[in-house]
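# Sequence plus predicted model, see below.
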Amino acid sequence: MFGVALYTPGVVAGIIWTVTMALALSKKDKPVAAVHGGYRKGVIAFALYTLSPLIGMFVSALLIAALLTSYRIVREYTRGVYFRFGKLRGVLDPGLVVIMPFGIDQVRIVDIRTFTIDVPKQEVITKDNVPVVVDAVVYFHIFDPAQAVTQVADYVKSTSLLGQTTLRSILGKHELDDLLSKREELNEVLREILDIATDPWGVKVTMVEVKAVELPDDMKRAMARQAEAERDRRAKIIAAEGELQASEKLAEAAHVMATQPISVQLRYLQTLTEIAMDTHSTIVFPMPLDLLPLANALKANQGVQREPSSEE
């Protein structure tokens, strides 16, 4: 039993070595495979087959510890940027990977998910000299982990500061009306400028949204008065257009009545019908002008008949 226990570390070391070699060769990393293969051919074979089993067990335990420190797990939403003797070697894909032990290879994990930066409120002077307070949100992700590690010390902080300066400079070139009415266009302009500036850092800016534009109180009151005046102007225009259309219709009606005189009398009768619906009103019937000559003739006839009778 004691002899089996002595050789157990060697067996475990052999199994770990086999897995390590397979992973290194699958990643096409020949230096790593050569280093771990040298452990097997040199240290393990010499310790287990030349020296005593006790020394072999001790060396095998050290070998197991060295091999276990060579494993790294890279998550699906991250990438590993690894350096060998301080020199960039490449990017590690998700999964179980093998590197050189004893600090020869160093790995820097980079998150490639979308980041959200809340740009602090910035005081901006618009093109028409109106002071406003603006804040925004920037969405970005890492498309090149190697550049994000080697080209900038802190890509999150750098992108945030760049967003603040870009927000002030770009919005300061536009008038207040553009800030309020053309927000989508300004968001796209900000995104393009930030994306171009952060491209050497391996950062891809996907979206920029201006959250709020805060105006001074006096400017709010002035805009309210302007909106009220605009509503009054539209109301007067609509009323004037109604009067114009009504006058046109009245002119057409007058033209029709002028060609048909009987229509005037029919209109009189219709008006009387409408007035008669109210029992608390006094109706004064207008006499047509055409009946005036007939009335005068009747009065004259009555006067002629009275004169002979008086003579008698």
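Yes, it's here.

# Just list the residues touching Asp154, thanks.
If a contact means C-beta atoms under 8 Å, 6 or more residues apart in numbering, then Asp154 has no contacts. For glycine as for every other residue, the C-beta is placed from the backbone atoms N, C-alpha and C.

# Now it. Its backbone dihedrals?
Dihedral pair for Asp154: phi -140, psi 100, per degrees, to the nearest 10.

# Give me the residues contacting stretch 194-210.
Against stretch 194-210 from outside (C-beta under 8 Å, 6+ apart): 114, 134-148, 151-152, 155, 158-159, 162-163, 166-167, 171, 179, 183, 186-187, 190-191.

# quick one: which of the residues you listed sit in helices?
145-148, 155, 158-159, 162-163, 166-167, 171, 179, 183, 186-187, 190-191 (DSSP state H).

# OK, contacts around Arg89?
Contacts of Arg89 by C-beta under 8 Å, 6+ apart are 82-83, 105.

# Please check these and keep the buried ones.
82-83, 105 (16 or more other C-beta atoms under 10 Å).

# I'd like those residues as TSV, with distance to Pro200, secondary structure and pLDDT appended.
Shown next, in TSV, are these (distance: C-beta to C-beta, whole Å; DSSP: H, G, I helix; E, B strand; the rest coil; pLDDT from 0 to 100):
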residue	distance to Pro200	secondary structure	pLDDT
Tyr82	21	strand	88
Phe83	20	strand	92
Asp105	26	strand	84
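
# Output stretch 131-148 as CSV - backbone C-alpha positions only.
Presented in CSV, the C-alpha positions along stretch 131-148 are these (Å, rounded to 0.1, in the frame of the first residue of the first chain):
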residue,chain,number,x,y,z
PRO,A,131,-27.3,78.7,-21.2
VAL,A,132,-28.7,75.1,-20.8
VAL,A,133,-27.7,72.1,-18.7
VAL,A,134,-27.5,68.8,-20.7
ASP,A,135,-26.8,65.2,-19.7
ALA,A,136,-26.5,62.1,-21.8
VAL,A,137,-26.0,58.3,-21.9
VAL,A,138,-23.3,56.5,-23.9
TYR,A,139,-23.4,52.8,-24.8
PHE,A,140,-20.3,51.1,-26.1
HIS,A,141,-18.5,47.7,-26.1
ILE,A,142,-15.0,46.4,-26.8
PHE,A,143,-14.5,45.0,-30.3
ASP,A,144,-10.7,44.6,-30.0
PRO,A,145,-9.5,43.5,-26.5
ALA,A,146,-5.8,43.8,-27.3
GLN,A,147,-6.1,47.5,-28.3
ALA,A,148,-8.3,48.2,-25.2
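
# Would you mind listing the buried residues in it?
Buried residues in stretch 131-148 (16+ other C-beta under 10 Å): 132, 134-136, 138, 140, 142, 144-148.

# Thanks again, I'm all set now.
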